[in-house]
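In: coords below, sequence missing:
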């Protein structure tokens, strides 16, 4: 199999100079021909395993690229969807309706999620004030979907949620992420949006899915690194 | 790659791609045969030269002969072929350490001819080191011809050296052990097997062409416990003699460099001095194998004082030959001096305890050889196996081990590195596999560079800098001059932490005011060992790499550890 040297170096998480030197010194089972490395995939994989070095397969590569690029709120929210008309007066009933609205989950997963959410609420309330709550499990649930999702829920009546400012909650963002890292990224983005009082007023109008997502896309553009 | 030239690239054949052991063994045979042939050629021509000049030894001007030979060899080596001086083995070790065993084609015959001129005319030196260099160069060039990589080439260099030693002494195990212990310094199955095969090939060539004879055959020795105990004393004497030889070789080199004359004139002076010594004590001339045989047979008649004088005379003659620019190795002189030392010791013992029934003096001569070789080379195994093989005297192996071990250890107390490696160690060029120095010299600054630092300008406000800070992954921010990209200094997060939480300063402080300009920088060409010692001295964990005033990246101990570990894992486990 032939591949340009920089690509092989990237797959093995090495500097190109290091890779070239190893080839020259005969430490790695790759032959150099021009700017390409000529190798046998299984031999190289075996060698990498033996030397405890990473060898990313081509299938891993796109996932990594996706990690490198920050997840946007717009993507996560459109995946999670928007739920209007949540009824109920206590945390558990509100959360169970939200959990039921999360797409692509099996029923054991839903049960686990609800339980984990309640555990988190028992610790301290995720009502962050001004009528907003961001319920989330403390760590990713087992077999969580590979891409993060945020379910937005609007309650019919403001719910008493034991929020930090004791104000009843009218909007909830359920955060479900595969890794803690993505969780923190999305949380930080969401916090940025919620600092904007105009956005809070907008949320009180219980906007439709389309309008909400357009507004969020605007925030995403602001947060994009220059 | 053209179809018809595929035989030039055997490493690309599917048979050898997964595992090249078989390939190395096959090429090892070729290398062993070639270096064995080189050894036979040198041996034959030395014998012819010695016979040819034998008739002239009686004339008064015969002391000029070694001078002429040394001058010619120096002219040939330095002026005609432009190869550096030196006796060969250190050059091979150097090339293995630094250049993955790359050697020049001309090295494969240059030392053969020059040492033949030096020794054949009577210079006191050995033909082994030149043959080792030829064999190694043959191995290296065969590897180059087949486009093999560094690791394979180094193994073939070892094959060449082993084939040469095996062939010249008819001693396959000594060749194998010498090559691994002295030349490569790495005991792995991957090395040992091809080298062993090359040793066999080299020995077989020599046996086919010269017959299977043991170089220094001897009678059977009946060695007793007192003899074995007495060998400890011999070992001490051997260590002293090897230190004396090392010291005088180095001293002579220093003296000769002070003589304001061309190199060949110096070589001529040294050669004439040897000739003069040889006029009074003829045993010092040439490589001296005849006298070794005489001593082992117990046919050496001279008394204690004369033998002791011979030790010094041979040491002096060797120092004059090699220190003043003659060409040759120290192997054979070591053997001669060793047997003289053994003989001296035996005579001493007989004088002190005449009642004891000591073993034949030939046995002590043999043990002395092992002591000297082990002491000079600081390679006990080479000493033991070489002597066992070239004398066929397995019954003395216990004493041999004692002499070799004690002599090596004592010499190591005084000289931290062997004669071959002393200069390499001093100049930091001895890089044995799997050592810290090896790993550090393989890694380069470029491979360790962390380039994900964000550069800032000195005119940036602290407020803007804090925006940069949010996106950064590192704690260091190089400051560059706007426009010219000249490196001005660096901002370390730890140094400016107090300002970060004081919003009042955001709009009044400029980056140029808070940067550190007195920063230690690294040049990308710099040696990693040097950089690390600087880091240790100044208790730094990272340093900016700056080339011609332009910032390239950071180098840090954290990344270094990561790369170092990978490198070590790859170097310690082979394919």
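Out: The structure has been received and is ready for your questions. The model shown is predicted, which means the values in this text are computed figures rather than measured ones. Numbering: from 1, shown residues only, chains lettered A, B, ... in the order given.

In: C-alpha only now, for contacts and for neighbours.
Out: Will do.

In: contacts only, for the closest residue to residue A:39 other than its chain neighbours.
Out: Nearest-residue entry for residue A:39: residue A:30, 4.8 Å, with adjacent residues in sequence omitted and distances by C-alpha to C-alpha, 6 or more residues apart in numbering or on different chains. Neighbouring residues of residue A:30 by C-alpha atoms under 8 Å, 6 or more residues apart in numbering or on different chains: A:23, A:37, A:38, A:39, A:40, A:44.

In: so residue A:30 versus residue B:18, what's the distance?
Out: According to C-alpha to C-alpha, to the nearest Å, residue A:30 stands 10 Å off from residue B:18.

In: also residue A:173?
Out: As for residue A:173, its distance to residue B:18 is 55 Å (criterion: C-alpha to C-alpha).

In: got the domain ranges for chain A?
Out: Per automatic domain parsing, the domain ranges recorded for chain A read A:2-67, A:70-223.

In: mean pLDDT lowest for which of these?
Out: For the domains of chain A, mean pLDDT drops lowest on domain A:2-67, to a mean of 81.

In: which of the domains of chain A sits closest to residue B:484?
Out: Across these, residue B:484 has its closest neighbour in domain A:2-67 (28.0 Å, C-alpha to C-alpha).

In: strands of chain A, residue ranges please.
Out: A:2-4, A:30-33, A:36-39, A:82-86, A:127-129, A:132-133, A:149-159, A:169-176 (DSSP state E).

In: now residue B:50: how far from chain A?
Out: Distance, residue B:50 to chain A, using C-alpha to the nearest C-alpha, to the nearest Å: 44 Å.

In: what helix or strand is that residue on?
Out: helix B:21-54 (DSSP states H and E).

In: quick one: list the elements packing against that helix.
Out: helix B:107-120, helix B:128-145, helix B:150-169, helix B:189-210 (3 or more C-alpha pairs under 8 Å, 6 or more residues apart in numbering or on different chains; DSSP states H and E).

In: tell me which other helices or strands the helix or strand that the longest one is followed by touches.
Out: The first helix or strand that comes after helix B:189-210 along the chain, using DSSP H and E, is helix B:225-258. Under the contact definition 3+ C-alpha pairs under 8 Å, 6+ apart, helix B:225-258 sits against helix B:304-323, helix B:331-352, helix B:361-377, helix B:397-414.

In: out of these, deepest packed?
Out: By mean neighbour count, with neighbours taken as mean count of other C-alpha atoms under 10 Å in any protein chain shown, helix B:361-377 ranks first of the helices and strands packed on helix B:225-258 at a mean of 31.

In: got the angle between that one and helix B:225-258?
Out: In terms of direction (axes from the mean of the first three to the mean of the last three C-alpha atoms, to 10 degrees), helix B:361-377 departs from helix B:225-258 by 50 degrees.

In: state the mean pLDDT of the helix or strand following helix B:361-377.
Out: Downstream of helix B:361-377, the first helix or strand assigned by DSSP H and E is helix B:380-391. Mean pLDDT, computed over helix B:380-391, is 90.

In: check stretch B:494-514 too.
Out: The average pLDDT for stretch B:494-514 rounds to 82.

In: so who does the residue of chain A found nearest chain B touch?
Out: Nearest residue of chain A to chain B (C-alpha to the nearest C-alpha) works out as residue A:25 at 4.3 Å. Listed by C-alpha under 8 Å, 6+ apart, the contact partners of residue A:25 are B:100, B:149, B:150, B:151.

In: wait, doesn't the second one sit right on residue A:29?
Out: No: under the criterion of C-alpha atoms under 8 Å, residue B:149 makes no contact with residue A:29, lying 10.8 Å away.

In: which non-adjacent residue is nearest the residue of chain A positioned farthest from its centre?
Out: Largest separation from the mean C-alpha position in chain A: residue A:25, at 42.5 Å (C-alpha atoms, centre = their mean). In space, and not counting its chain neighbours, residue A:25 is closest to residue B:150: 4.3 Å by C-alpha to C-alpha, 6+ apart.
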